[in-house]
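Novice: Attaching a predicted model along with its sequence, questions to come.
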Amino acid sequence: MQTLTMALYLGGHLSVASPARVVQRTPEGTLLWLVAGAPIWEAVLPDGGHLRDVLPEKRPAEGYPLRVGEWRPPSNLVYQPAGAAHAVWWLFSTELDFEGWYVNLERRRSRGDDIDVVDHELDIVVEPNGEWRWKDEESFAAKVGHPAYWTSEEASEIRAEGERVGRRIEAGRFPFDGSWCDFTPPATWETPGLPAAPPRFLGG
(Lines give C-alpha, C1' and ligand atoms only; values in the text may rest on other atoms or scores of the structure.)
Protein backbone atom coordinates (compact mmCIF):
# COMPACT_ATOMS: atom_id res chain seq x y z
CA MET A 1 0.00 0.00 0.00
CA GLN A 2 1.43 3.37 -1.03
CA THR A 3 2.47 5.98 1.51
CA LEU A 4 2.82 9.63 0.55
CA THR A 5 3.50 12.93 2.29
CA MET A 6 0.73 15.45 2.89
CA ALA A 7 2.13 18.92 3.63
CA LEU A 8 -0.03 21.77 4.95
CA TYR A 9 0.83 25.38 4.07
CA LEU A 10 -0.56 28.56 5.62
CA GLY A 11 0.09 31.78 3.73
CA GLY A 12 2.78 30.06 1.69
CA HIS A 13 4.76 28.64 4.63
CA LEU A 14 4.88 25.03 5.82
CA SER A 15 3.03 24.28 9.04
CA VAL A 16 3.14 20.47 9.23
CA ALA A 17 3.91 17.50 6.99
CA SER A 18 2.74 13.97 7.75
CA PRO A 19 3.06 10.58 6.10
CA ALA A 20 -0.31 9.28 4.90
CA ARG A 21 -1.27 5.81 3.73
CA VAL A 22 -3.35 5.62 0.56
CA VAL A 23 -6.45 3.58 1.46
CA GLN A 24 -8.27 4.04 -1.84
CA ARG A 25 -7.68 5.99 -5.03
CA THR A 26 -10.35 6.34 -7.73
CA PRO A 27 -11.10 8.89 -10.46
CA GLU A 28 -13.50 10.50 -7.96
CA GLY A 29 -10.93 11.06 -5.23
CA THR A 30 -8.25 9.80 -2.85
CA LEU A 31 -8.80 8.41 0.66
CA LEU A 32 -5.88 8.66 3.10
CA TRP A 33 -5.16 7.32 6.59
CA LEU A 34 -3.17 9.44 9.06
CA VAL A 35 -2.21 7.36 12.06
CA ALA A 36 -1.61 8.77 15.52
CA GLY A 37 2.02 8.58 16.56
CA ALA A 38 3.43 8.74 13.04
CA PRO A 39 6.55 10.93 12.75
CA ILE A 40 5.94 14.35 11.21
CA TRP A 41 7.72 17.56 10.35
CA GLU A 42 6.40 20.68 12.07
CA ALA A 43 7.38 24.32 11.93
CA VAL A 44 9.07 25.72 15.02
CA LEU A 45 8.00 29.26 15.94
CA PRO A 46 10.22 31.11 18.41
CA ASP A 47 7.38 31.84 20.84
CA GLY A 48 5.62 28.52 20.39
CA GLY A 49 2.70 30.23 18.66
CA HIS A 50 0.68 29.08 15.65
CA LEU A 51 1.71 29.93 12.11
CA ARG A 52 -1.76 31.22 11.19
CA ASP A 53 -1.41 34.00 13.77
CA VAL A 54 1.81 35.39 12.26
CA LEU A 55 1.55 37.69 9.25
CA PRO A 56 3.54 36.30 6.31
CA GLU A 57 5.66 39.48 6.13
CA LYS A 58 6.73 38.88 9.75
CA ARG A 59 7.95 35.33 8.99
CA PRO A 60 11.40 34.29 7.71
CA ALA A 61 11.25 34.44 3.92
CA GLU A 62 12.50 30.86 3.65
CA GLY A 63 10.04 29.59 6.30
CA TYR A 64 10.54 28.55 9.91
CA PRO A 65 12.95 25.75 10.85
CA LEU A 66 11.44 22.28 11.19
CA ARG A 67 11.57 19.70 13.93
CA VAL A 68 10.43 16.10 14.15
CA GLY A 69 7.20 15.52 16.06
CA GLU A 70 4.34 13.03 16.14
CA TRP A 71 0.88 13.07 14.59
CA ARG A 72 -1.18 13.63 17.69
CA PRO A 73 -4.21 11.47 18.47
CA PRO A 74 -6.66 10.76 17.13
CA SER A 75 -6.01 9.04 13.82
CA ASN A 76 -7.95 10.34 10.81
CA LEU A 77 -9.31 9.30 7.46
CA VAL A 78 -9.04 12.10 4.89
CA TYR A 79 -10.98 12.15 1.62
CA GLN A 80 -9.75 14.51 -1.10
CA PRO A 81 -12.34 14.71 -3.90
CA ALA A 82 -10.76 15.11 -7.32
CA GLY A 83 -10.97 18.68 -8.60
CA ALA A 84 -12.67 20.00 -5.44
CA ALA A 85 -11.42 22.78 -3.16
CA HIS A 86 -12.02 20.89 0.08
CA ALA A 87 -11.18 17.71 1.96
CA VAL A 88 -13.30 15.74 4.41
CA TRP A 89 -11.78 14.36 7.60
CA TRP A 90 -13.35 11.57 9.65
CA LEU A 91 -12.79 12.23 13.36
CA PHE A 92 -12.28 9.20 15.60
CA SER A 93 -11.67 8.71 19.29
CA THR A 94 -8.50 6.97 20.42
CA GLU A 95 -10.64 3.80 20.48
CA LEU A 96 -11.63 4.47 16.83
CA ASP A 97 -15.23 5.38 17.64
CA PHE A 98 -16.59 7.79 15.03
CA GLU A 99 -17.07 11.34 16.40
CA GLY A 100 -17.99 13.41 13.34
CA TRP A 101 -16.45 15.02 10.27
CA TYR A 102 -14.29 18.06 9.65
CA VAL A 103 -14.30 19.82 6.29
CA ASN A 104 -11.08 21.64 5.42
CA LEU A 105 -11.48 24.20 2.64
CA GLU A 106 -8.25 24.14 0.68
CA ARG A 107 -6.38 24.09 -2.60
CA ARG A 108 -4.15 21.12 -3.46
CA ARG A 109 -1.34 20.46 -5.84
CA SER A 110 0.79 17.40 -6.46
CA ARG A 111 4.54 17.32 -5.90
CA GLY A 112 5.52 13.98 -7.41
CA ASP A 113 3.54 11.41 -5.43
CA ASP A 114 3.08 13.84 -2.53
CA ILE A 115 0.30 16.37 -1.90
CA ASP A 116 0.73 20.01 -0.92
CA VAL A 117 -2.33 21.52 0.75
CA VAL A 118 -2.84 25.29 0.79
CA ASP A 119 -5.20 25.95 3.67
CA HIS A 120 -8.13 28.33 3.12
CA GLU A 121 -8.69 28.94 6.85
CA LEU A 122 -12.48 28.64 6.71
CA ASP A 123 -13.69 25.20 7.80
CA ILE A 124 -16.85 23.26 8.63
CA VAL A 125 -17.50 21.08 11.68
CA VAL A 126 -20.07 18.30 11.19
CA GLU A 127 -21.71 16.36 14.02
CA PRO A 128 -22.46 12.64 13.59
CA ASN A 129 -26.17 13.53 13.23
CA GLY A 130 -25.41 15.82 10.28
CA GLU A 131 -25.70 19.17 12.03
CA TRP A 132 -22.97 21.49 10.78
CA ARG A 133 -21.47 24.90 11.50
CA TRP A 134 -18.79 27.19 10.12
CA LYS A 135 -15.43 27.42 11.90
CA ASP A 136 -12.83 30.24 11.83
CA GLU A 137 -15.05 32.74 10.02
CA GLU A 138 -13.42 35.76 11.69
CA SER A 139 -9.82 34.77 10.96
CA PHE A 140 -10.80 33.89 7.38
CA ALA A 141 -12.38 37.31 6.87
CA ALA A 142 -9.36 39.07 8.41
CA LYS A 143 -7.09 37.63 5.71
CA VAL A 144 -9.18 38.83 2.75
CA GLY A 145 -7.11 41.17 0.56
CA HIS A 146 -3.73 40.08 1.92
CA PRO A 147 -1.45 39.15 -1.02
CA ALA A 148 -0.39 35.89 0.66
CA TYR A 149 -3.99 34.74 1.05
CA TRP A 150 -7.06 35.56 -1.06
CA THR A 151 -8.82 38.41 -2.80
CA SER A 152 -12.42 39.34 -2.08
CA GLU A 153 -13.48 37.42 -5.18
CA GLU A 154 -11.49 34.36 -4.14
CA ALA A 155 -12.96 34.57 -0.63
CA SER A 156 -16.46 34.43 -2.14
CA GLU A 157 -15.46 31.35 -4.14
CA ILE A 158 -14.04 29.67 -1.02
CA ARG A 159 -17.24 30.30 0.93
CA ALA A 160 -19.33 29.10 -2.02
CA GLU A 161 -17.36 25.84 -1.96
CA GLY A 162 -18.26 25.46 1.72
CA GLU A 163 -21.93 26.14 0.97
CA ARG A 164 -21.91 23.41 -1.69
CA VAL A 165 -20.47 21.02 0.88
CA GLY A 166 -23.15 22.14 3.35
CA ARG A 167 -25.88 21.13 0.89
CA ARG A 168 -24.23 17.74 0.47
CA ILE A 169 -24.15 17.32 4.26
CA GLU A 170 -27.83 18.18 4.57
CA ALA A 171 -28.72 15.73 1.81
CA GLY A 172 -26.72 12.95 3.47
CA ARG A 173 -24.69 12.37 0.32
CA PHE A 174 -21.25 10.75 0.26
CA PRO A 175 -19.05 11.13 2.18
CA PHE A 176 -21.66 12.15 4.77
CA ASP A 177 -23.76 9.01 4.30
CA GLY A 178 -22.14 6.81 6.93
CA SER A 179 -19.43 5.47 4.64
CA TRP A 180 -16.15 4.56 6.36
CA CYS A 181 -17.45 5.54 9.81
CA ASP A 182 -16.70 2.05 11.10
CA PHE A 183 -13.23 1.95 9.58
CA THR A 184 -10.55 -0.04 11.38
CA PRO A 185 -7.07 -0.28 9.87
CA PRO A 186 -5.74 -3.80 9.30
CA ALA A 187 -3.48 -5.05 12.06
CA THR A 188 -0.75 -5.61 9.47
CA TRP A 189 -0.43 -1.89 8.75
CA GLU A 190 2.74 -0.55 10.29
CA THR A 191 3.27 3.06 11.36
CA PRO A 192 4.98 4.82 8.45
CA GLY A 193 8.43 6.31 8.83
CA LEU A 194 9.49 9.94 8.73
CA PRO A 195 9.13 11.34 5.22
CA ALA A 196 11.66 13.57 3.52
CA ALA A 197 11.23 17.17 4.62
CA PRO A 198 9.15 19.14 2.11
CA PRO A 199 9.92 22.73 1.06
CA ARG A 200 9.43 25.21 3.89
CA PHE A 201 8.07 27.84 1.50
CA LEU A 202 5.59 27.16 -1.28
CA GLY A 203 6.10 29.65 -4.06
CA GLY A 204 3.72 30.20 -6.97
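Specialist: Thanks, I have it. Residues are numbered from 1 along each chain as shown.

Novice: quick one, strands of the protein?
Specialist: 3-10, 13-26, 29-34, 39-43, 66-70, 76-81, 86-92, 98-111, 114-126, 132-135 (DSSP state E).

Novice: Enumerate the positions of the second one that are buried.
Specialist: Within strand 13-26, the residues scored as buried using 16 or more other CB atoms under 10 Å are 13-21, 23. Every C-beta, even on glycine, is put in place using the N, C-alpha and C of the backbone.

Novice: So for that strand, mean pLDDT?
Specialist: The pLDDT scores in strand 13-26 average 97.

Novice: Distance from it to the middle of the chain?
Specialist: The chain centre lies 8 Å from the centre of strand 13-26; the measure is CA atoms, centre = their mean, to the nearest Å.

Novice: for that strand, packing partners?
Specialist: The helices and strands touching strand 13-26, judged by 3 or more CB pairs under 8 Å, 6 or more residues apart in numbering; DSSP states H and E, are strand 3-10, strand 29-34, strand 39-43.

Novice: let's see it at 10 Å
Specialist: strand 3-10, strand 29-34, strand 39-43, strand 66-70, strand 76-81, strand 114-126 (3 or more CB pairs under 10 Å, 6 or more residues apart in numbering; DSSP states H and E).

Novice: what's the closest of those strands to residue 201?
Specialist: strand 3-10 (8.4 Å; CB to CB).

Novice: before we move on, the earlier item: between the helices and strands packed on strand 13-26, which one is closest to residue 200.
Specialist: Nearest of those (CB to CB): strand 66-70, 6.7 Å.

Novice: Report pLDDT for residue 204.
Specialist: pLDDT, read off for residue 204, is 53.

Novice: With distance to residue 176 added, can I get the strands of the chain in TSV?
Specialist: As requested, the strands of the chain are exported to TSV (distance: least, CB to CB, whole Å):
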stretch	distance to residue 176
strand 3-10	22
strand 13-26	17
strand 29-34	14
strand 39-43	28
strand 66-70	29
strand 76-81	10
strand 86-92	8
strand 98-111	7
strand 114-126	7
strand 132-135	9
